[in-house]
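Asker: Okay, predicted coordinates and the sequence, questions at the end:
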Amino acid sequence: MGTVTFISYDGEKHEADIVEGQSLMQIATNNGIAGIDGDCGGEAACGTCHVILEDQWFDKTGEQSDEEVQMLDMTPERETTSRLSCQIKVCAALDGMAVKLPEFQM
Ligand code: FES
């Protein structure tokens, strides 16, 4: 189905298989990606799943809820293309996407 790549703050790359219907956070935690904790289980309530997208992928990852935006407002290292990975439903259209991880999560 395809892959997504997680890039740590120091440039280390980890590729993971896409599992349709899972969130990007679930894929990260199921693959042991360091730096994505997912402490709240995907409720947009902890901010420990922050990722930074490349511009070309940002619009393909869906709308942001008010809860996600509020959580990102409190997130260190927030950038204009920041998302909570628990709020991104992964599908084949995201094959090839790479996301950057911040140095620090909340
Ligand atoms: S897992 Fe808690 S905000 Fe994403």
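Answerer: Thanks, I have the structure now. Numbering: from 1, shown residues only.

Asker: residues of the helix or strand of the chain with the lowest mean pLDDT that come out buried?
Answerer: Using mean pLDDT, DSSP states H and E, helix 55-58 stands out as the lowest-scoring helix or strand of the chain, at a mean of 95. For helix 55-58, a neighbour-count test (16 or more other Cβ atoms under 10 Å) marks W57 as buried. All C-beta atoms are positioned from the backbone trio N, CA, C, and that covers glycine.

Asker: I'd like to know which elements that helix is packed against.
Answerer: Under the contact definition 3 or more Cβ pairs under 8 Å, 6 or more residues apart in numbering; DSSP states H and E, helix 55-58 sits against no other helix or strand.

Asker: In a helix, V99, correct?
Answerer: No: counting by DSSP: H, G, I helix; E, B strand; the rest coil, one finds V99 to be strand, located in no helix.

Asker: what residues are up against it?
Answerer: V99 makes contact with 4-7, 24, 51-54, 57, 85, according to Cβ atoms under 8 Å, 6 or more residues apart in numbering.

Asker: What about those, which one has the most neighbours?
Answerer: The most crowded member of the contacts of V99, judged by other Cβ atoms under 10 Å, is L24 (29 neighbours).

Asker: S65 reaches I88, doesn't it?
Answerer: No: with the criterion set as Cβ atoms under 8 Å, S65 and I88 do not qualify as a contacting pair; they are 11.7 Å apart.

Asker: Looking at these two, which one has more neighbours?
Answerer: Residue environment comparison for S65 versus I88 gives the larger neighbour count to I88, 26 against 12, counting by other Cβ under 10 Å.

Asker: which parts of this protein sit against the ligand?
Answerer: Among all residues of the chain, those adjacent to the ligand (criterion: Cβ under 6 Å from any ligand atom) are 25, 38-40, 42-49, 71, 84, 86.
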